[in-house]
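> Give me a 3D structure for the following:
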Amino acid sequence: MNLAQKYRPQKLTDILSQEHLIGESGLFTQFLKNNYFPNALLFGPPGCGKTTLSRLIAKELDRDFYEFNATSIKVEELRKTITSYIGKLTKPLVFIDEIHRLSKNQQEVLLPFMERGDCIVIGASTQNPYYALTAAFRSRSHLFELNAINDSDLENLIKDVANKEGFELSSEALEFIIKSSSGDARGALNLLESASFVNRKIELATLKQIRPHTLQGGSNEGDSHYELTSAMIKSIRGSNIDAGLYYLARLIEGGEPPEFLARRLAILAAEDIGNANPNALNLASATLNIVLHIGYPEARIPLAQLLIYLASSPKSNSAYRAINSAQKAIKEGLMLSVPNHIKTHAKEYLYPHDFGGFVEQSYIEKDVSFYQSSGIGFEAKLNEWLKKITH
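Numbering: from 1, shown residues only. Sure, this is the predicted structure:
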């Protein structure tokens, strides 16, 4: 048994860095006190305890635990497992790792079981699974985010394991394991174990040979994954190419998945550049598609190309502000009826193409104003077009 398995937490209080969920007043603690747990999606970085936490929840509820991986799951096996409990007093807890990879068909198989309470479904992912799951699946579950293991907890874990296993560990070696593991407890113990097979006196040089690059960024302390990503976005928004490239390089060297970086840049292209340079979103879309197919090390090149283009582009957040304004109005109670003449199959509708491209008619019950052009970049041209069309 490897170290990560040997020292897997055996009770909820052993779980590290998740006090917001399993602390004395944590949400999961309150659920379990009432012998309840909802269908849930656990979202967090590698090695933060998603699988272990799910197993311990099943143990606390006295439920049978079944573990599947979405990349190899068989629908019939899943259905057979759950239906075998129908009519019984106890219901199983079904854990699905990599849940963002479930196909639409696989999700639909689970829906009636989730609806009736035939089982508890807990899915886990290092990516926010809401992007990949259907609305029907999301409505039957709750999303909970887990933290990366903080440096203090990781240090105590490594020291404890090293002491119990009889390893000699220098302060430099300990610091390297912590910093290079980026909040991944499993990764830290795997590195410690591999080094121990070279010499039970763990040397820094050995550790660096085994792990020349840090694991994916995700630490809650210092220059974390979140802080570096924020700094990159703010640098691009501020048109500072070199600062943006520096933070991009830090994220790449930290093992950040290229598709995550491309998604963040695509969001920026729409939010911060928008119609000031519409081609920014096209290039961002192309980059996202490219990095999904090529991966590292080559993916760093289109990412850098996109970053330079975005930082060099004129900036406008008009579209971002416009949709926020419209949504805010609706949340505050603005509910307007659709005018009769533009409803489906309305005979009174005036088809603009029959009038040279534009005809005066109302499209909303009363006038509203959400969009305010910045007049920057291509938005100025759009303003000209709109004036010519409507006047």
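> quick one, what contacts the closest residue to residue 252 other than its chain neighbours?
Sequence neighbours aside, residue 300 is the residue nearest to residue 252 in space, at 5.4 Å (criterion: Cβ to Cβ, 6 or more residues apart in numbering). (Each C-beta comes from the backbone N, C-alpha and C, glycine too.) Counting by Cβ atoms under 8 Å, 6 or more residues apart in numbering, residue 300 touches 248, 252, 258.
> May I ask which of those residues has the most neighbours?
Among the contacts of residue 300, the one with the most neighbours (other Cβ atoms under 10 Å) is residue 248, at 25 neighbours.
> what helices or strands is the host helix or strand of residue 57 leaning on?
Here residue 57, judged by DSSP states H and E, is contained in helix 50-61. Here helix 50-61 touches helix 27-33, strand 40-43, strand 65-69, strand 93-97, strand 120-125, going by 3 or more Cβ pairs under 8 Å, 6 or more residues apart in numbering; DSSP states H and E.
> Make JSON lines out of these and add mean neighbour count.
Output for these, formatted as JSON lines (neighbours: other Cβ atoms under 10 Å):
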{"stretch": "helix 27-33", "mean neighbour count": "15"}
{"stretch": "strand 40-43", "mean neighbour count": "23"}
{"stretch": "strand 65-69", "mean neighbour count": "16"}
{"stretch": "strand 93-97", "mean neighbour count": "23"}
{"stretch": "strand 120-125", "mean neighbour count": "26"}
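> Columns mean pLDDT and distance to residue 306 on top of the ones you listed, output as JSON lines?
Listed next are the helices and strands packed on helix 50-61 as JSON lines, based on pLDDT from 0 to 100; distance: least, Cβ to Cβ, whole Å:
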{"stretch": "helix 27-33", "mean pLDDT": "96", "distance to residue 306": "38"}
{"stretch": "strand 40-43", "mean pLDDT": "94", "distance to residue 306": "26"}
{"stretch": "strand 65-69", "mean pLDDT": "96", "distance to residue 306": "32"}
{"stretch": "strand 93-97", "mean pLDDT": "96", "distance to residue 306": "31"}
{"stretch": "strand 120-125", "mean pLDDT": "96", "distance to residue 306": "25"}
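> How far does the helix holding residue 57 sit from its chain's centre?
22 Å (Cα atoms, centre = their mean, to the nearest Å).
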